[in-house]
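Novice: Quick one: sequence plus predicted model below, questions after.
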Protein chains: 2
Amino acid sequence: MASNTLSSREFSFLALVTAVSVLLLSRALQGGGEPIYTSLALSGLAYASTYYLIIQTAPSFLKAGLKGKDMSKRVQKEIPECVGAICAIVYLLIVMIFIPFAFYQDIVAATSGGGNRDVVIEVEHVNQGRFLHWFPHNKLASYLSAILSLQSITILGIGDDVFDLRWRHKFFIPFIAAIPLLTVYYVDFGITSVVVPNFLQNILGAELVHLGGAYYVYMGALAIFCPNSINILAGINGIEVMQSIVIALLLIINDSLYLLSAYPPPATESHLFSLSFLLPFLGVSLALFWHNQYPATVFVGDTYCYFAGMVFIVVSILGHFSKTLILLLLPQIFNFVYSAPQLFHLIPCPRHRLPKYNAHRDVLEPSVVQWTAEKQPRAYAAPAMRLLAKLRLLRVTYRQDQDSGREFFDTSSNMTIINLWLVARGPMHERRLAWELSIMQLLVGLLGLVVRHKMALFLFREDNLDLGNAVV
Amino acid sequence: MASNTLSSREFSFLALVTAVSVLLLSRALQGGGEPIYTSLALSGLAYASTYYLIIQTAPSFLKAGLKGKDMSKRVQKEIPECVGAICAIVYLLIVMIFIPFAFYQDIVAATSGGGNRDVVIEVEHVNQGRFLHWFPHNKLASYLSAILSLQSITILGIGDDVFDLRWRHKFFIPFIAAIPLLTVYYVDFGITSVVVPNFLQNILGAELVHLGGAYYVYMGALAIFCPNSINILAGINGIEVMQSIVIALLLIINDSLYLLSAYPPPATESHLFSLSFLLPFLGVSLALFWHNQYPATVFVGDTYCYFAGMVFIVVSILGHFSKTLILLLLPQIFNFVYSAPQLFHLIPCPRHRLPKYNAHRDVLEPSVVQWTAEKQPRAYAAPAMRLLAKLRLLRVTYRQDQDSGREFFDTSSNMTIINLWLVARGPMHERRLAWELSIMQLLVGLLGLVVRHKMALFLFREDNLDLGNAVV
């Protein structure tokens, strides 16, 4: 971070974004307007203020000791770490400020006396409030519980970044943060039925399966998986933010598909809900991306990864499309499964598995596990590794023992999707690597959405939207 | 912090507290039970886990650079700072876990079919949830917005402790944190009328005054004042926690007065609400007190002061007894008014205004502002200071100029209630000072409660409880 002032180009751009957002916001305030335009305007403000605040506060991060060294550069300098906390805090403020706008139409409907005005006349004489019976408190409670979970993950993420928690402690952080969401889900919806695919309906003899407590375990597991899976697909400049932006974009496309089609109101509402959380997220993430892309001037920190993951969890659980989210997380799922042997120490796992920097050519190469004659893969691991090597899913080099002539493992590439990409595509520049992986994520996700929307009718009798509140 | 393990006496005590709490909790789980007993049990668990976690995590705080030097000791060692964050996080977790218990009776009432079961039969066929029409979502929304504000203040407080913000930035932190509370208040209650005292009713010609927007300004101002006023009544071991515990106890007494009398249900509900936030607060605060009392092994940090203040704000705003809170904050109000000349730099304000440690006698003495012949109080300040000195509200020493024979200010005591207490009562030990101030706070508060409950009927035609939801 060379200076903590905006360049004149940055200033002009941010001023433009702010002006357009304020204009949009003032129109929304005057005319009532659609909440979605307000959300868009607030997202613009979120972008501008995050961009500005990151530049402004970067020196404070360094001063507070929140910094890290960028390993994949010729000159390894220390840059601010945990800057995702800025995104999270701006985001939370924005979604809180959005509350009255989100429920504006409901307030108008309640106070200007729509159809059933007689329902509310027994309001007490000193109660100058809204007509409580009409206000959609269940929607408000969902909204608040979502913010609560996001705030919880922010506190825990910052705690992790400041205290540098151990892996086994961090792992459950997202579960703790999901407690408000799950609690309100329990109190408020309590819907734990899942629609059964057609071909299973005959076997199970039911259209719906009541999962009960198991459904909470499922949601809890998803809440643990999603943030952690983003957190482990990391290590090169920009990759954490870029994958999050791609997933957010795909979810926004998914929401737009519902909103642009003539779906019945309950579905529309739940996807508007989702958009009102995703648009500001896109705003703060784009601002962070600008500072975190190659060559990064700030690091995002665990806070951002957890936070991003929890945003996806919140919208997909409350919007009842957690299966769609899973489709969009396929690269993360692959990365987790592929990483598992190292994460669970079946194969040695070095402290960092980021690609190796080749300073001479300024490219990244796959980083490797170094094997010795004494320390070879365990008996069950060796054949699996040979198989993976044959499938080109692992780069293994062997070494001939001088005396016995036996073949030994010399090196094997670290098992992350990033290293695998370098194994498959050859060494490449850090910026190019981040973009290629993100484009892959985008294409896989788009394919997932096509499958989701075109194929769903083969699996389920009706699309979930016609089924009220059941979780499909 | 000599060791980070529990002594056997500590272990036995915590085990006992935990056992009793678990027993109480299991009974609540079996029999349904009153939410208040569950809250009590969870508060016991909050106490035990905070106590344990503070001991466990103290070394991590030191390692992360969150530490401060205790100035008023013979040996000035560095101890963990910002430990109040532990309290806040445990507290937040506990109040989140409490959500299903708080609304248990409502769920039972809704699902076991009380009176008007016919109201809910049009629930959709796949909706396996609670009967949405019956569930008291407005209560849930208040509860969630309260947690949101408390979480916001925790994030901002931690930010302040980590980044050491400037005074003019910190000042507004509680206002930002109050946004969710005020937003939900706006969306949910919107009650901005205040009952007019009898003697003013003739003048104003109305029983209620509709304050509108001004009421939000009032709540915002209170939200800024309360946490900051606790934060500036600080500087000796234990004082921040002890004043908070006293205020919490007084609020609990106030709630109990309502619950033990035969008041109508709406008031009972709002005071149960208040208790469910105050009991866990007492739990975590007592645990912190044990480590922060003289000689402190940890510092509470701004996080705790803000957090404590926000707990009081939340219960008093949502419980509609903000005027009672003001009565209980009289020592803080006095301290603020008394400090104002220094806070606003009418009189020089040193970086720290904590009392001066007399290592020889092991007592604290009032700390002073040192005046020089060149730098004397401004023309308007000098007579005011002389007057305060005569009223024994300031200790001033004068110095005769050798040549002119004119009298100059030599020193004047720093204008905090802590220094004033030392001026009035003479030098004393740090522990004794903290206890005397806390007992003073308790007595003033008890007097305030008596005034509130005995005198209210002289000022208002009816007690506020009979007036539905109006704010008195």
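Specialist: Great, that's in hand. Numbering: from 1, shown residues only, chains lettered A, B, ... in the order given.
Novice: which residues in the stretch 1-150 of chain A form strands?
Specialist: Ranges of strands in the stretch 1-150 of chain A, per DSSP state E, counting those that start in this stretch, are A:67-69, A:78-80.
Novice: Next, format these as CSV and append mean pLDDT and distance to chain B.
Specialist: From N, CA and C alone the C-beta is placed, and that goes for glycine too. Formatted as CSV, the strands of the stretch 1-150 of chain A follow (pLDDT from 0 to 100; distance: least, C-beta to the nearest C-beta, whole Å):
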stretch, mean pLDDT, distance to chain B
strand A:67-69, 91, 12
strand A:78-80, 94, 12
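Novice: Please work out which of those strands is packed deepest.
Specialist: strand A:78-80 (a mean of 19; mean count of other C-beta atoms under 10 Å in any protein chain shown).
Novice: Quick one: closest of the strands of the stretch 1-150 of chain A to residue A:331.
Specialist: Closest to residue A:331 of the strands of the stretch 1-150 of chain A is strand A:67-69 (C-beta to C-beta; 24.4 Å).
Novice: Show me what that closest one is packed up against.
Specialist: Counting contacts by 3 or more C-beta pairs under 8 Å, 6 or more residues apart in numbering or on different chains; DSSP states H and E, strand A:67-69 is packed against strand A:78-80.
Novice: Just give me how far the strand it packs on sits from the chain centre.
Specialist: With C-alpha atoms, centre = their mean, to the nearest Å as the basis, strand A:78-80 stands 24 Å off its chain's centre.
Novice: Show me the contact partners of that strand.
Specialist: Identification of contacts with strand A:78-80 by C-beta atoms under 8 Å, 6 or more residues apart in numbering or on different chains yields A:1, A:58, A:61-62, A:66-70, A:296-299.
Novice: cool, stretch A:439-447 as well?
Specialist: Here stretch A:439-447 makes contact (C-beta under 8 Å, 6+ apart) with A:242-243, A:246-247, A:249-250, A:253, A:327-328, A:330-331, A:421.
Novice: try it again with 10 Å
Specialist: With contact meaning C-beta atoms under 10 Å, 6 or more residues apart in numbering or on different chains, stretch A:439-447 is reached by A:233, A:239, A:242-247, A:249-251, A:253-254, A:324, A:327-332, A:334, A:417, A:421.
Novice: Just the buried residues out of these, in ChimeraX syntax.
Specialist: Only the buried entries of the contacts of stretch A:439-447 go into this ChimeraX selection, using 16 or more other C-beta atoms under 10 Å in any protein chain shown:
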select /A:233,239,242,243,244,245,246,247,249,250,251,254,324,327,328,329,331,332,417,421
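Novice: Among the contacts of stretch A:439-447, which ones are in helices?
Specialist: Judged by DSSP state H, helices contain the following of those: A:239, A:242-247, A:249-251, A:253-254, A:324, A:327-328, A:330-332, A:334, A:417, A:421.
Novice: ok, longest strand in chain A?
Specialist: Looking across chain A with DSSP state E, the single longest strand is strand A:407-413.
Novice: Direction included, what does that strand pair up with?
Specialist: strand A:368-370 (antiparallel), strand A:396-400 (antiparallel) (DSSP bridges).
Novice: Put together CSV for those strands, with distance to residue A:344 on each row.
Specialist: Putting those into CSV (distance: least, C-beta to C-beta, whole Å) gives the following:
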stretch, distance to residue A:344
strand A:368-370, 14
strand A:396-400, 20
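Novice: hmm, which helix or strand of chain A has the shakiest average pLDDT?
Specialist: helix A:104-111 (a mean of 54; mean pLDDT, DSSP states H and E).
Novice: residues in contact with the residue nearest to residue A:53 when sequence neighbours are not counted?
Specialist: Nearest residue to residue A:53, sequence neighbours excluded (C-beta to C-beta, 6 or more residues apart in numbering or on different chains): residue A:86, at 5.1 Å. Residues near residue A:86 by C-beta under 10 Å, 6+ apart: A:49-54, A:56-58, A:61, A:80, A:284, A:287-288, A:291, A:298, A:300-301, A:303-304, B:159.
Novice: Let me see the confidence value for residue A:86.
Specialist: Listed pLDDT for residue A:86 reads 94.
Novice: Now do it against residue A:285, distance only.
Specialist: Here residue A:86 is placed at a distance of 12 Å from residue A:285 (C-beta to C-beta, to the nearest Å).
Novice: likewise residue A:381?
Specialist: Counting by C-beta to C-beta - residue A:381 and residue A:285 are separated by 38 Å.
Novice: Neighbour count: the two, which is higher?
Specialist: A direct count of neighbours by other C-beta atoms under 10 Å in any protein chain shown for residue A:381 and residue A:285 places residue A:285 higher, at 30 against 15.
Novice: separation between that one and residue A:321?
Specialist: Distance of residue A:285 to residue A:321, computed by C-beta to C-beta: 20 Å.
Novice: Over to residue A:353?
Specialist: Per C-beta to C-beta, residue A:353 is found 32 Å from residue A:321.
Novice: Could you check which of these two has the larger neighbour count?
Specialist: Set residue A:353 next to residue A:321 and count neighbours by other C-beta under 10 Å: residue A:321 wins out with 26 against 22.
Novice: dump the residue contacts of the residue nearest to the more buried one when sequence neighbours are not counted.
Specialist: For residue A:321, ignoring the flanking residues on the chain, the nearest one in space by C-beta to C-beta, 6+ apart is residue A:254 at 7.2 Å. Going by C-beta under 10 Å, 6+ apart, residue A:254 touches A:271, A:274, A:278, A:315-316, A:319, A:321, A:324-325, A:327-328, A:445, A:448-449, A:452-453.
Novice: which one in chain A is furthest away from the centre?
Specialist: Most distant from the centre of chain A: residue A:403, at 52.6 Å, with distances by C-alpha atoms, centre = their mean.
Novice: OK, contacts around residue A:450?
Specialist: Counted by C-beta under 10 Å, 6+ apart, residue A:450 has contacts residue A:327.
Novice: Repeat that for residue A:311.
Specialist: A:88, A:91, A:95, A:146, A:149-150, A:153, A:226-227, A:244, A:247-248, A:251, A:274, A:277-278, A:280-282, A:284-285.
Novice: Those residues: which ones sit near chain B?
Specialist: Checked against chain B using C-beta under 10 Å from any C-beta of the partner chain, the contacts of residue A:311 give the following subset in range: A:88, A:95, A:146, A:149-150.
Novice: which pair in those residues spans the largest distance?
Specialist: A:88 and A:146 (13.6 Å).
Novice: list the residues that contact both of the two?
Specialist: Any residue near both residue A:88 and residue A:146 by C-beta under 10 Å, 6+ apart counts here, and that gives A:310-311.
Novice: Show me what counts as buried in the helix or strand encompassing residue A:273.
Specialist: Using DSSP states H and E, residue A:273 falls within helix A:265-292. Neighbour-count burial for helix A:265-292, counted by 16+ other C-beta under 10 Å, picks out A:267-268, A:270-292.
Novice: quick one: average confidence on that helix?
Specialist: Average pLDDT, helix A:265-292: 90.
Novice: Same check on stretch A:384-402?
Specialist: 91.
Novice: start to end distance for that stretch?
Specialist: 25 Å (C-alpha to C-alpha, to the nearest Å).
Novice: Pull out the buried residues from it.
Specialist: In stretch A:384-402, counting by 16+ other C-beta under 10 Å, buried: A:385, A:388-389, A:394-396.
Novice: Stretch A:336-348 too?
Specialist: For stretch A:336-348, by 16+ other C-beta under 10 Å, it's A:336, A:338-339, A:341-343, A:347.
Novice: Residues in contact with it: which ones?
Specialist: A:167, A:171, A:225, A:228-229, A:232-233, A:329, A:349-350, A:353, A:369-371, A:375, A:377-378, A:380-381, A:384-385, A:388, A:393-394, A:412, A:414-417, A:419-420.
Novice: could the strands of the stretch 1-150 of chain A go into CSV alongside distance to residue B:221?
Specialist: As requested, the strands of the stretch 1-150 of chain A are exported to CSV (distance: least, C-beta to C-beta, whole Å):
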stretch, distance to residue B:221
strand A:67-69, 38
strand A:78-80, 35
